[in-house]
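A.B. asks: Everything below, folded, please.
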Amino acid sequence: MNERGVYVNFHKFSSIEEATELSETLKQESISSVVENASPPVDITFSGNVLQNEFIVKIMSSDFEKANLVLEEYAKNNIENISKEHYLYEFSNEELLEILEKPDEWCKEDYFLAQKILKDKGQEVAGVKLEELKKKRIDDLRKPEKAEEGWIIAGYFMALFGGVLGVFIGWFHWTFKKTDPLGLRVYVYDEKTRKKGKNLFLFGITLQIIWILIWVKYGFY
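C.D. replies: The predicted structure is shown next:
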C-alpha cells in the first residue's frame, strides 16, 4: 500500500543545523518538509554511554522522487570540492562497492564519491549495473521479515496478566511499516507474523477488558 500524502522519514542527521539546511533546500524546490527531534531524552539502558542526537527530516511520501533528485543534483555538484583526505579514499574497492549496493545507508555525497573513486581506480560502476544494484536493494528492503517467536510468546504472557505491553507487541507486529528509499510504505513483517500479531492484539484487548471488569467488580481501584 502506497500511502501518498503522509509525512514520512526522508533523511537523518546528528545535528539540527544539517537537518535544517536540508529542509530549507527542499523548501526552495517547493517540497514541504518538517524537522523532528528524535534524540533520546535519557539513556534508558543506564549504560552511561553518550547519547547520539538524531534529527529527522520528513517529507510527504508523494515528494520522495523529486526530493531524491534534488539531493542527487546537490551531491553531484559538491563531490568535486571534496578533499582527498575524505575517509572514503581509505576504503577498499569492496567497501566502496558496498556503498553502491546499499545507498540508503549512506549520504548522497558518499554514494557519488564512491562511484568517482572506483572510476579513478579503473573499476567504474555505472549505467545498467547501477540500476540493477538499486533495484536489488529496493527488492531486498521490501521483503517482509519473520519475527522472533520469543516476542510473540512473551506478548501472550504479559497480556495474560493484563499487561499493556503485550497488547503493544501484538499491535507492533500486526501494523508496523517501514519506508523504502522511493517513499513506498510497506509492512515490516510477513503475513504469517502479522496474523500472529493481530491475534495477540485482540487477545490482549480482550484480557484488558476482563481485568478492568474484575477490578471494578471487586473495587480494586
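A.B. asks: show me where the protein has helices.
C.D. replies: 16-28, 64-78, 93-101, 108-120, 128-142, 149-160, 164-175, 191-218 (DSSP state H).
A.B. asks: which secondary structure elements does the last one contact?
C.D. replies: Under the contact criterion of 3 or more CB pairs under 8 Å, 6 or more residues apart in numbering; DSSP states H and E, helix 191-218 touches helix 149-160, helix 164-175. For every residue, glycine as well, the C-beta is placed using N, CA and C.
A.B. asks: For those helices, state which one has the densest average packing.
C.D. replies: The highest mean neighbour count among those, using mean count of other CB atoms under 10 Å, belongs to helix 164-175: a mean of 19.
A.B. asks: Restrict that helix to CA atoms and write it as PDB.
C.D. replies: What follows is helix 164-175, C-alpha atoms only, in PDB (Å, rounded to 0.1, in the frame of the first residue of the first chain):
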ATOM      1  CA  VAL A 164      -0.400  -3.300  28.200                       C
ATOM      2  CA  LEU A 165       3.000  -4.100  26.700                       C
ATOM      3  CA  GLY A 166       1.600  -7.400  25.400                       C
ATOM      4  CA  VAL A 167      -1.100  -5.500  23.500                       C
ATOM      5  CA  PHE A 168       1.600  -3.200  22.100                       C
ATOM      6  CA  ILE A 169       3.700  -6.100  21.000                       C
ATOM      7  CA  GLY A 170       0.800  -7.500  19.100                       C
ATOM      8  CA  TRP A 171      -0.100  -4.200  17.500                       C
ATOM      9  CA  PHE A 172       3.500  -3.600  16.500                       C
ATOM     10  CA  HIS A 173       3.900  -7.000  14.700                       C
ATOM     11  CA  TRP A 174       0.500  -6.600  13.100                       C
ATOM     12  CA  THR A 175       0.600  -3.000  11.800                       C
END
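A.B. asks: Which elements pack onto that helix?
C.D. replies: Secondary elements touching helix 164-175 (3+ CB pairs under 8 Å, 6+ apart): helix 149-160, helix 191-218.
A.B. asks: Let me know which of those helices is the nearest to Trp106.
C.D. replies: Trp106 lies closest, by CB to CB, to one member of those: helix 191-218, at 29.2 Å.
A.B. asks: List the buried residues of the closest one.
C.D. replies: 193-194, 196-197, 200-201, 203-204, 207-208, 211 (16 or more other CB atoms under 10 Å).
A.B. asks: Also stretch 85-105?
C.D. replies: So stretch 85-105, judged by 16+ other CB under 10 Å, has buried residues 88, 91, 96-97, 99-100, 103.
A.B. asks: right, and the pair among those residues with maximum separation?
C.D. replies: Among these, Phe91 and Pro103 lie farthest apart (CB to CB), at 14.7 Å.
A.B. asks: Save the helices of the chain as a markdown table, and put in distance to Glu54 and mean pLDDT too.
C.D. replies: Shown next, in a markdown table, are these (distance: least, CB to CB, whole Å; pLDDT from 0 to 100):
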| stretch | distance to Glu54 | mean pLDDT |
| --- | --- | --- |
| helix 16-28 | 9 | 89 |
| helix 64-78 | 19 | 86 |
| helix 93-101 | 21 | 94 |
| helix 108-120 | 18 | 91 |
| helix 128-142 | 20 | 92 |
| helix 149-160 | 24 | 91 |
| helix 164-175 | 20 | 93 |
| helix 191-218 | 26 | 89 |
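A.B. asks: Many thanks, we can stop here.
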